[in-house]
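A.B. asks: this is a predicted model, with the sequence first.
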Amino acid sequence: MLKAIQIVGSSSGFASYRFRKPQPNSAFSLISRKPILTTSETLLLPASQLHSHKSCFRDFRMSSTHSKSSSSSSVAVQSTGNIRKINFCQFCGGPNKHEIPDGEEKVRAICTHCGKITYENPKMVVGCLIEHDKKILMCRRKIHPSYGLWTLPAGYMEIGESAAEGAIRETWEEANAEVEVQSLFAQLDIPLIGQTYMIFLAKLKNPHFSPGPESSECQLFELDDIPFDSLAFSSMLVSLNLYIEDIKVGRPKFHYGVINKRPGTSPSDIHAYTLDFHMQS
Ligand SMILES: [Zn+2]
């Protein structure tokens, strides 16, 4: 696993990363694209699979308040109210009890020895949607979960790195590909499992890629050939659908959305979700 990467500024103004030659004094900046507000929004998936909200960032508060997605909202509330049992304190190793601390509203894991609370917060998953010759680079997973299924290169963000750095690192680890991040394409929250995906648009810095230790195959897919029948995760299904829909009408936008699993469905059913609070700019 590659742990250290160097970050260098590029003449293009976009973040550029070079591997294997660390230089501690390098500078880094990400230039965000000016948001382009849309006047209309296209349904990106079958109507049965999502709720669409005609909104942009300026409308987020209103959109949230007036959400008509009652079923999926209740899923989100339940998920944030639940706590996974954490038996031992992460600070002293003592046994935890699970109850609502004074002044709080949720059950927490509280150490019976040192009294400290172990809070659990969502994890950030970062990855790249890599465009090359009008194709998308995808990896076939050689690890569980979703062994044998296709994904964009992505993984958990590490302490000490930025989201863009993490996405580039994951791409290197899973596809042995060096990429230049161009913009953030999508942030997708999955409250039920406590994850937030950040998917960046990226370009290959050279045309070389090959499966890393966690992949059995890496392949560039034409948009019409993307293996939608064997995708690993709902987040990838949403990202790829959003991307294809954007390309059909112009160029990729930025998307925010909440993926809520439908109650009672299997975690492995990646189609069993609604995309709520979808905003694009
Ligand atoms: Zn403790």
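C.D. replies: Good, I have the coordinates.

A.B. asks: other SSEs contacting the helix or strand hosting residue 110?
C.D. replies: Element membership for residue 110 (DSSP states H and E) is strand 108-111. Counting contacts by 3 or more C-beta pairs under 8 Å, 6 or more residues apart in numbering; DSSP states H and E, strand 108-111 packs against strand 96-99, strand 117-118. For every residue, glycine as well, the C-beta is placed using N, CA and C.

A.B. asks: pick out the residue of the stretch 151-281 of the chain closest to the ion.
C.D. replies: residue 159 (21.2 Å; C-beta to the ion).

A.B. asks: mind checking what secondary structure that residue has?
C.D. replies: What DSSP: H, G, I helix; E, B strand; the rest coil gives for residue 159 is coil.

A.B. asks: quick one: name the residues of the stretch 51-200 of the chain near the ion.
C.D. replies: Residues of the stretch 51-200 of the chain found near the ion (C-beta under 5 Å from the ion) are 89, 91, 92, 94, 111, 113, 114.

A.B. asks: list buried residues within those residues.
C.D. replies: 89, 111 (16 or more other C-beta atoms under 10 Å).

A.B. asks: got the residues of the stretch 51-200 of the chain next to the ion as a markdown table, with pLDDT and secondary structure columns?
C.D. replies: Below are these laid out as a markdown table (pLDDT from 0 to 100; DSSP: H, G, I helix; E, B strand; the rest coil):
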| residue | pLDDT | secondary structure |
| --- | --- | --- |
| 89 | 96 | coil |
| 91 | 96 | coil |
| 92 | 97 | coil |
| 94 | 97 | coil |
| 111 | 97 | strand |
| 113 | 97 | coil |
| 114 | 98 | coil |
